[in-house]
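**Student:** A predicted structure for the sequence below; I have some questions about it.
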Amino acid sequence: MKLVEKVRIGSKVRKKYDNPKTPCQKLIDCPFLPKERKKLIEEHKRLNLFELKREITKCQNMLLQIQKQKSKGVKPTRLC
């Protein structure tokens, strides 16, 4: 969250913050990247973050299963 303004009212200071943004949103909003911005916008729209998270968790669970099988002395089975 970025500080937008700070106003002193008597002895108190009132701070106003900008809405939080992801690093990708900050890059998309940057005026210095015209060509790359279009590519980033398209890529960002195509990404499904929830599906990406599920896929990462699935891969982590497969790695844990392989590690457990190795620690038991069993030859790991192919999971993919």
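**Tutor:** Nice, thanks for sending it over. A quick note: this is a predicted structure, and the numbers were derived from the prediction, not measured.
**Student:** low pLDDT regions in the chain?
**Tutor:** 74-80 (pLDDT under 70).
**Student:** Go again with 80.
**Tutor:** 1, 24, 27-42, 44, 73-80 (pLDDT under 80).
**Student:** The residue nearest to L27 when sequence neighbours are not counted: what's it in contact with?
**Tutor:** Spatial nearest neighbour of L27, excluding adjacent residues (Cβ to Cβ, 6 or more residues apart in numbering): L40 at 5.8 Å. Glycine gets a C-beta too; all of them are placed from N, C-alpha and C. When contacts are counted by Cβ atoms under 8 Å, 6 or more residues apart in numbering, L40 touches C24, L27, I28, L33.
**Student:** can you name the farthest residue from the center of this protein?
**Tutor:** Computed with Cα atoms, centre = their mean, the residue of the chain farthest from its C-alpha average is G10, at 40.5 Å.
**Student:** Need phi/psi at that residue.
**Tutor:** Backbone torsions of G10, given as degrees, to the nearest 10, read phi 70, psi -120.
**Student:** Can you classify the residue nearest to L27 by secondary structure?
**Tutor:** helix (DSSP: H, G, I helix; E, B strand; the rest coil).
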